[in-house]
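*Asks:* With the input below, show me the fold.
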Amino acid sequence: MLEPQPMEPPDTLDQALIPGRRRPGEIQGPLPPKITQDNVGAVRAPNDALFPNGEFPLPDRWRLATALCPEQLYRAIQAICRSPLDPYHQSTIKGDRPLDRSKLRWLPIRGDDWFFVASGVSDTVIEPRSFPTPVGTQTTSRPGSLDSFGRSSSLLAAQTFVVGFSLYKGQTTFKPPEIEYRLSIAYNYNYTLVNESRILFVDPAKPPHRNDTFLGVQEAFVDYHIRNVSDRYDFDSIRVGIQPFQADFRGFLFNDQNLGIRLFGNRDNNRFQYNLALFWRLEKDTNTGLNDLGQTPRRDWVAIANLYRQDFPVPGFTSQIIAAHDRDREGREFYYDKNGFPVRPALIGDQRPRDYDITYLGYNGDGHFGRVNLTLSAYAALGQDRNSVFTSRPAKVRAFFLAAEPSYDINWARFRLSFLYASGDSNPYDNKETGYDAILENPIFAGADTSYWIRQSIPFAGGGRAIGINGRNGVLADLRSSKDEGQSNFNNPGTMLIGAGADFDLTTALRVSTNVNRLSFADTAVLQALRNEGSIPRSIGMDYSVSAIWRPHTTQNIVFRASAAMLQAGDGFRDLFTQSNGSGRYFSVLANAILTF
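*Replies:* Sure, this is the predicted structure:
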């Protein structure tokens with residue numbers, strides 16, 4: 001019987017390796033030169049031989065991800081391969097990728113860095129409310145009523161659609177576009193119902209409800225990049241056409257979309273920003289506030305220069321100085337809105353047309369000092385009114401405005417205090433007007449449009465015709481005929497506001513806010529003169545409001561807002577708007593849905 005022979009081990013370990021492999025740590029070939037330090041703080045880049053690789057072409061950085069998408073969509077890459085209409089993923093019509101010129105030969109563009117952005121907004125508002133509603137002088141919906149003020153409840157429903165298009169050139173990751181063309185059009189439908197005649201129309205025969213529509217052009221401009229002035233892309237640009245502009249942080253002085261030319265830019269690695277702008281104010285549609293290009297622009301020009309400095313006086317706080325001039329030459333005009341009410345001149349005092357030149361000098365600040373957030377605003381209004389409505393003579397304008405809103409954050413809550421003072425006119429019959437008024441305000445302050453006083457316009461009956469104590473979405477008690485279509489008025493009682501509020505971020509998608517504001521007139525001399533009363537108390541009342549903002553996807557694409565506000569009338573408000581069997585309480589409810597593509 002043969003015994004099995006043992007297998008002989010390999011002569012060397014190398015003979016046991018599979019061909020093509022080597023032992024760990026084995027060095028094959030010469031090493032690249034050792035990296036040495038030439039100077040302190042700098043190291044030469046590694047030799048290319050340490051990173052051998054093949055080279056192959058890649059698409060540009062915009063199309064790199066979508067180049068992976070096959071014709072058939074697989075589940076593993078569905079997050080990338082989506083419809084071009086999906087705003088949450090890469091889309092050419094949202095400016096995520098440059099335009100393909102081979103498919104757009106009809107478009108007169110050159111270069112491979114042109115982008116197109118399309119946007120759409122649906123803004124729905126339902127607003128039940130109440131305010132002192134004067135009974136018309138010719139008629140009332142309730143014959144036999146003895147009150148000067150009728151039933152106060154009313155309803156507003158509005159639907160606005162906004163579509164916007166932007167075409168621009170430039171790789172905008174680190175620098176502004178070289179050139180941009182933008183167009184934005186808004187269509188509004190609104191329905192209003194009140195309980196008294198001659199509130200919505202000057203014609204008392206018309207019913208106390210109104211359906212209205214309007215199409216307005218809100219943006220139509222060209223933005224041209226003039227030059228870069230540093231290697232950090234500090235720049236100068238110019239923008240010409242209908243464009244939005246907000247003169248300060250909170251919209252106290254001028255916040256509008258108007259026809260203008262604007263030179264703007266920055267310096268010192270964006271620590272300084274500046275604006276030099278000239279606007280020719282457009283007529284507005286009466287019931288929507290949209291730009292009405294079917295009418296000749298107003299004889300009202302606004303020039304603004306401002307300068308921002310970041311991290312001044314401390315890091316985290318931005319300061320701004322501003323000078324603005326409003327030159328109004330509508331002193332020969334009699335202008336009526338589309339509902340038949342006169343708006344220029346306002347039917348107050350001598351009811352004569354007037355011209356004025358007003359210069360605003362101001363300081364604004366926004367940021368934080370440590371953990372305390374702070375917004376500041378201060379303005380002086382200086383100039384001349386060529387026809388004071390009380391004396392029919394020229395008068396100097398000397399008015400001022402102060403506002404501050406400090407806040408403090410504790411975890412998911414922010415607690416706020418608000419203070420505002422706009423000077424009032426203490427003697428309407430002298431040659432000086434000291435009631436402060438803005439050019440066109442739209443303030444984000446003390447609860448903004450969730451506040452009753454800021455949201456609602458309250459008609460002033462018994463001392464003027466077709467004027468309001470305040471303007472819609474405005475905080476000033478300025479006795480203007482219209483914030484959008486009327487002229488500024490410096491014969492007014494002024495405004496005082498002291499308030500407190502809090503914002504609570506209950507979840508990443510839900511914020512609840514509360515506000516309490518105490519409101520007063522700064523001086524009631526103008527009101528006494530208009531009403532022929534010996535005295536009128538200053539107190540307007542207490543304004544209580546609560547609001548909620550819900551963003552179900554934690555983005556701005558779907559936003560729902562709801563708010564409720566109540567004004568508990570003070571002595572001055574009751575004196576002006578006495579109503580038999582009235583509770584002295586007025587309410588405002590707002591339901592708002594904003595969908596954005």
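*Asks:* show me where this structure has helices.
*Replies:* Applying DSSP state H to the chain gives helices spanning 452-455, 525-531, 571-576.
*Asks:* chain center to the last one, what's the gap?
*Replies:* This points to helix 571-576. Distance of helix 571-576 from its chain centroid, counting by C-alpha atoms, centre = their mean, to the nearest Å, is 33 Å.
*Asks:* Could you list the buried residues of that helix?
*Replies:* Across helix 571-576, burial judged by 16 or more other C-beta atoms under 10 Å covers 572-576. (C-beta placed from N, C-alpha, C; glycine too.)
*Asks:* which residues sit against that helix?
*Replies:* 132, 460, 462, 469, 520-521, 524, 527, 531, 533, 536-541, 567, 584 (C-beta atoms under 8 Å, 6 or more residues apart in numbering).
*Asks:* what does the shortest one give?
*Replies:* Taking contacts as C-beta under 8 Å, 6+ apart, the residues outside helix 452-455 that touch it are 129, 443, 445-449, 470, 472-475, 517, 519, 540, 543-545, 565-567, 586-588, 590.
*Asks:* Could I get the contacting residues of residue 487?
*Replies:* 300, 328, 330, 344-346, 354, 356, 480-481.
*Asks:* ok, so of the residues you listed, who is nearest residue 274?
*Replies:* In terms of C-beta to C-beta, no member of the contacts of residue 487 lies closer to residue 274 than residue 300, at 24.0 Å.
*Asks:* residues touching that closest one, list them.
*Replies:* 280-281, 326-330, 487.
*Asks:* of all these, which comes closest to residue 407?
*Replies:* Out of the contacts of residue 300, the member with the shortest distance to residue 407 (by C-beta to C-beta) is residue 326, at 31.3 Å.
*Asks:* For residue 428, see how far away the nearest residue to the closest one once chain neighbours are set aside is.
*Replies:* Leaving out its chain neighbours, the residue that sits closest to residue 326 by C-beta to C-beta, 6 or more residues apart in numbering is residue 358, at 4.8 Å. To residue 428, residue 358 is 18 Å away according to C-beta to C-beta, to the nearest Å.
*Asks:* Please identify which of those two sits among more neighbours.
*Replies:* residue 428 (26 against 22; other C-beta atoms under 10 Å).
*Asks:* what about the closest residue to the more buried one other than its chain neighbours, distance to residue 490?
*Replies:* The shortest distance from residue 428 to any residue other than its chain neighbours is 4.3 Å, reached at residue 390 (C-beta to C-beta, 6+ apart). From residue 390 across to residue 490, the span is 11 Å (C-beta to C-beta).
*Asks:* The two - which one has more neighbours?
*Replies:* Higher neighbour count among residue 390 and residue 490: residue 490, with 28 against 19, using other C-beta under 10 Å.
*Asks:* Please verify my assumption that the more buried one contacts residue 425.
*Replies:* Yes: assessed by C-beta atoms under 8 Å, residue 490 is found in contact with residue 425 at 7.0 Å.
*Asks:* any common contacting residues for these two?
*Replies:* 433-435.
*Asks:* Of those residues, which is the nearest to residue 124?
*Replies:* Nearest to residue 124 among the shared contacts of residue 490 and residue 425 is residue 435, at 36.6 Å by C-beta to C-beta.
*Asks:* quick one: the residue lying closest to residue 308 once chain neighbours are set aside from residue 307, how far?
*Replies:* Leaving out its chain neighbours, the residue that sits closest to residue 308 by C-beta to C-beta, 6+ apart is residue 273, at 4.3 Å. Distance, residue 273 to residue 307, by C-beta to C-beta: 8 Å.
*Asks:* just residue 367 next, same as before
*Replies:* For residue 367, the distance to residue 307 - C-beta to C-beta - is 16 Å.
*Asks:* Compare neighbour counts for those two and give me the winner.
*Replies:* residue 367 (20 against 15).
*Asks:* is that one in a bridge, and if so with what?
*Replies:* With DSSP bridges as the criterion, residue 367 is bridged to residue 317, residue 374.
*Asks:* quick one: pLDDT of it?
*Replies:* pLDDT, residue 367: 97.
*Asks:* cool, and residue 27?
*Replies:* Reading off the model, residue 27 has pLDDT 60.
*Asks:* picking up where we left off before, I'd guessed the residue nearest to residue 326 sits against residue 436; true?
*Replies:* No: using C-beta under 8 Å, residue 358 is not in contact with residue 436; the gap is 10.3 Å.
*Asks:* Pull up the overlap in contacts between those two.
*Replies:* Joint contacts of residue 358 and residue 436 (C-beta under 8 Å, 6+ apart) are 381, 490.
*Asks:* For the residue nearest to residue 308, name its beta-bridge partners.
*Replies:* Counting by DSSP bridges, residue 273 forms beta bridges with residue 266, residue 308.
*Asks:* who are the neighbours in contact with it?
*Replies:* 264-266, 307-308, 310.
*Asks:* so where do the strands sit in the stretch 251-400 of the chain?
*Replies:* Along the stretch 251-400 of the chain, the segments classed as strands by DSSP state E, counting those that start in this stretch run 255-267, 272-280, 300-309, 317-328, 335-336, 342-344, 356-369, 372-385, 395-410.
*Asks:* Residue 550 is nearest to which of those?
*Replies:* Using C-beta to C-beta, the nearest of the strands of the stretch 251-400 of the chain to residue 550 is strand 395-410, at 21.0 Å.
*Asks:* helices or strands up against the closest one?
*Replies:* Packing partners of strand 395-410 (3 or more C-beta pairs under 8 Å, 6 or more residues apart in numbering; DSSP states H and E): strand 372-385, strand 413-422, strand 432-433.
*Asks:* Buried deepest among these, which one?
*Replies:* strand 432-433 (a mean of 23; mean count of other C-beta atoms under 10 Å).
*Asks:* Which other helices and strands does that strand contact?
*Replies:* strand 395-410.
*Asks:* Partner strands of the strand it packs on, with direction?
*Replies:* strand 372-385 (antiparallel), strand 413-422 (antiparallel), strand 432-433 (parallel).
*Asks:* Please tabulate those in CSV, including the columns mean pLDDT.
*Replies:* Below are these laid out as CSV (pLDDT from 0 to 100):
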stretch, mean pLDDT
strand 372-385, 97
strand 413-422, 98
strand 432-433, 96
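*Asks:* between those strands, which gets nearest to residue 211?
*Replies:* Taking these one by one with C-beta to C-beta, strand 413-422 is closest: 36.1 Å.
*Asks:* In stretch 313-327, which residues are buried?
*Replies:* 317-320, 322, 324-326.
*Asks:* got it, and stretch 352-366?
*Replies:* Counting neighbours by 16+ other C-beta under 10 Å, stretch 352-366 gives 353-356, 358-360, 362, 364-366 as buried.
*Asks:* Give me the distance from it to the chain's centre.
*Replies:* Chain-centre distance of stretch 352-366: 21 Å, with C-alpha atoms, centre = their mean.
*Asks:* Stretch 205-212 now?
*Replies:* 31 Å.
*Asks:* Please measure how far the first residue of it sits from its last one.
*Replies:* This stretch, stretch 205-212, spans 18 Å end to end (C-alpha to C-alpha, to the nearest Å).
*Asks:* for that stretch, which positions count as buried?
*Replies:* For stretch 205-212, by 16+ other C-beta under 10 Å, it's 208, 210, 212.
*Asks:* Let me have those in a markdown table, extended by pLDDT.
*Replies:* A markdown table is the format used below for those (pLDDT from 0 to 100):
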| residue | pLDDT |
| --- | --- |
| 208 | 90 |
| 210 | 94 |
| 212 | 96 |
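*Asks:* Could you list which of these belong to strands?
*Replies:* Cross-referencing the buried residues of stretch 205-212 against strands under DSSP state E gives 210, 212.
*Asks:* nearest to residue 172, of the buried residues of stretch 205-212?
*Replies:* residue 212 (39.4 Å).
*Asks:* and the spatially closest residue to the closest one that is not a sequence neighbour, what is it in contact with?
*Replies:* Nearest non-adjacent residue to residue 212, counting by C-beta to C-beta, 6+ apart: residue 287, 4.7 Å away. Neighbouring residues of residue 287 by C-beta under 8 Å, 6+ apart: 190, 192, 210, 212, 214, 338-339.
*Asks:* Turn these into JSON lines, columns for distance to residue 154.
*Replies:* Below are those laid out as JSON lines (distance: C-beta to C-beta, whole Å):
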{"residue": "190", "distance to residue 154": "13"}
{"residue": "192", "distance to residue 154": "7"}
{"residue": "210", "distance to residue 154": "11"}
{"residue": "212", "distance to residue 154": "15"}
{"residue": "214", "distance to residue 154": "20"}
{"residue": "338", "distance to residue 154": "19"}
{"residue": "339", "distance to residue 154": "15"}
